[in-house]
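Engineer: this is a predicted model, with the sequence first.
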Amino acid sequence: MALQTVAIVGRPNVGKSTLFNRILRRRLAIVAERPGVTRDRQFAEAEWAGRRFLLVDTGGLVEGPGGQIDQEVRRQAETAIGHADVVILVVDGREGVLPVDRHVGDLLRRSGLPVILGVNKLDELGGSVEHLEFYELGLGDPTPLAALSGKGSGDLLDRVVEALPEAHEAEDGGTDLRVAVIGRPNVGKSSFVNRLLGEDRVIVHEEAGTTRDAIDTELEIGDRRVCLIDTAGLRRQARIADDLEFLGRLRAASAIERADVCLLLVDTEAGAANQDFRIGHQAWDAGKGLVFVANKWDLIEDRGPSAMAGFDRQLRERAHYLRWVPIITCSALSGKRVRKVMNLAFAAQEERARRIPTAEVNKVLRDLVARRQPPQGGRGDVRLLYGSQVASSPPLFVLWSNRPHDLKEHYVRYLVAGFREAWGFEGSPIRIKLKQRSERA
């Protein structure tokens, strides 16, 4: 199911980034008292009342010289309108309605999209009447709020969730596996998909960033049906130069969310960059299966076993999570090992979906604790009482302890490594959740 998009728009310094951070419950967007701080759009996954969506923070919409509405205002507003399911228009309740508010309001009204009007910076909501002035924008009932303190933000989010279209699971026609092909621009993702399909069903072009959207393609491999999602190339935030690049990044993130397994393609000739590892970490953190695919291996002069061993070792040293991710070289141009990549994708999903019996979990847990006791705090012994796997895809283990908050992160990593030693889970993240339980319970 693709995540729906909620865009926050408005002129500078009305509190868009403050509201963005408030909804996410963490400080992600930079906030300052001067206008124009948010230059690049950014997004993150948000949740309210059980509904998940992608929240987009945009740069401020400004007036041009002489009070004329700058063309940039229309371009940015229309971009947000064209690719959002719901728009939040943020205005400043202390300053009243300004011409740029009216202009953006006109664009939003003509779009036909659901628009939630948030009148910000009203600290005394009970007796506030300043928001009533904004009825003139013709966008329905204004919602008074103070994003900095959080007042009124819940009411605003209730209206956002109510306005979101009904969420429907995608019709997969019995698909066995959903695979997202991810990576930086121009690493050969579309060529890889075409080679796998055996026909040109995705546009291929030498210009970096040709694929702007996530494209779903169904195919059969043996007796199994696969949905391939070819995504737009993911770049660092600072490298996104236009609206289409940003939109591609937004939809690639949505594609990762929809996938079971992600194939991270890297241009071997150009070498793996830090951004490659960040993209892989994005999929890993999302709980997806992961296969590292070194494309264009045919262009490397020394392709012997020693070269592959050195390449493999360097990758795993640079990114900790790659210690548990299968790494394979291939050539989308010649087709060499492309099918083997898909075999690894199926294997990663099988590992991701595994369930370990509770008795076996506790046997391994006891052995790990006997081998290395948890670090002891000053308030008494820290004990791990028992554990159980409570979910799969990805595997989630709950461990009960008398003092879960005293268990250090490095010890949890030790337990994860021990679980992997016992059960593998190659290509799949493992999650551990600690819970409080009395030894007498």
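Structural biologist: In hand now; what should we look at? Predicted model, so just to flag it, every value in this text is computed and none were measured.
Engineer: could you list the domains of this protein?
Structural biologist: Per the record, the chain has its domains at 4-163, 177-352, 358-436, by automatic domain parsing.
Engineer: can you put those domains in a markdown table and add mean pLDDT and mean neighbour count?
Structural biologist: The C-beta positions use only the backbone N, C-alpha and C, and glycine is treated the same way. Conversion of the domains of the chain to a markdown table gives the following (pLDDT from 0 to 100; neighbours: other Cβ atoms under 10 Å):
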| stretch | mean pLDDT | mean neighbour count |
| --- | --- | --- |
| domain 4-163 | 80 | 18 |
| domain 177-352 | 78 | 19 |
| domain 358-436 | 92 | 16 |
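Engineer: gap between the host helix or strand of residue 159 and the chain center?
Structural biologist: Under the criterion DSSP states H and E, the helix or strand holding residue 159 is helix 153-163. Taking Cα atoms, centre = their mean, to the nearest Å, one finds helix 153-163 lying 22 Å from the centre of the chain it belongs to.
Engineer: tell me what it is packed against?
Structural biologist: Contact analysis of helix 153-163 by 3 or more Cβ pairs under 8 Å, 6 or more residues apart in numbering; DSSP states H and E lists helix 16-24, strand 42-48, strand 86-92, strand 115-120, strand 143-144 as its packing neighbours.
Engineer: so what's residue 94 up against?
Structural biologist: For residue 94, the contacting residues are 121, 122, 130, taking Cβ atoms under 8 Å, 6 or more residues apart in numbering as the criterion.
Engineer: cutoff 7 Å now
Structural biologist: 121, 130 (Cβ atoms under 7 Å, 6 or more residues apart in numbering).
Engineer: am I right that residue 218 is in a strand?
Structural biologist: Yes. With the criterion set as DSSP: H, G, I helix; E, B strand; the rest coil, the secondary structure at residue 218 is a strand.
Engineer: wait, it sits on residue 227?
Structural biologist: Yes. With contact defined as Cβ atoms under 7 Å, residue 218 and residue 227 form a contacting pair (5.6 Å).
Engineer: Provide the secondary structure category for residue 257.
Structural biologist: Secondary structure, three-state DSSP: residue 257 is helix.
Engineer: for residue 402, see how far away it is.
Structural biologist: As for residue 257, its distance to residue 402 is 37 Å (criterion: Cβ to Cβ, to the nearest Å).
Engineer: ok, now residue 350?
Structural biologist: Relative to residue 402, residue 350 is positioned 36 Å away (criterion: Cβ to Cβ).
Engineer: ok, residue 50 next?
Structural biologist: Counting by Cβ to Cβ, the gap from residue 50 to residue 402 is 33 Å.
Engineer: also residue 437?
Structural biologist: Computed with Cβ to Cβ, the distance linking residue 437 and residue 402 is 7 Å.
Engineer: quick check: neighbours shared by those two?
Structural biologist: residue 385.
Engineer: just how off-centre is stretch 354-371 within its chain?
Structural biologist: Per Cα atoms, centre = their mean, the displacement of stretch 354-371 from the mean C-alpha position of its chain is 32 Å.
Engineer: now that stretch - C-alpha only, CSV.
Structural biologist: This file holds the C-alpha atoms of stretch 354-371, laid out as CSV (Å, rounded to 0.1, in the frame of the first residue of the first chain):
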residue,chain,number,x,y,z
ARG,A,354,11.0,-17.1,9.6
ARG,A,355,9.4,-17.9,13.0
ILE,A,356,11.5,-19.3,15.8
PRO,A,357,9.8,-21.5,18.5
THR,A,358,9.7,-19.9,21.9
ALA,A,359,11.5,-22.9,23.5
GLU,A,360,14.4,-22.4,21.1
VAL,A,361,14.5,-18.7,21.6
ASN,A,362,14.9,-19.2,25.4
LYS,A,363,17.5,-21.9,25.0
VAL,A,364,19.7,-19.6,22.8
LEU,A,365,19.0,-16.7,25.1
ARG,A,366,20.2,-18.7,28.2
ASP,A,367,23.3,-19.8,26.4
LEU,A,368,24.1,-16.2,25.4
VAL,A,369,23.6,-14.9,28.9
ALA,A,370,25.7,-17.7,30.4
ARG,A,371,28.5,-16.8,27.9
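Engineer: not counting it itself, show me its contacts.
Structural biologist: Around stretch 354-371, the neighbours that count as contacts under Cβ under 7 Å, 6+ apart are 384, 386-389, 392, 395, 397, 415, 418-419, 422-423, 425.
Engineer: now stretch 318-338
Structural biologist: Contacting residues not belonging to stretch 318-338 are listed as 188, 191-192, 195-196, 268, 277, 280-281, 284, 290-298, 308, 312, 315-316, 340-341, 344, 348, 420, 425-427 [Cβ under 7 Å, 6+ apart].
Engineer: the residues you listed in helices, which ones?
Structural biologist: Counting by DSSP state H, the part of these found in helices is 191-192, 195-196, 277, 280-281, 284, 308, 312, 315-316, 340-341, 344, 348, 420.
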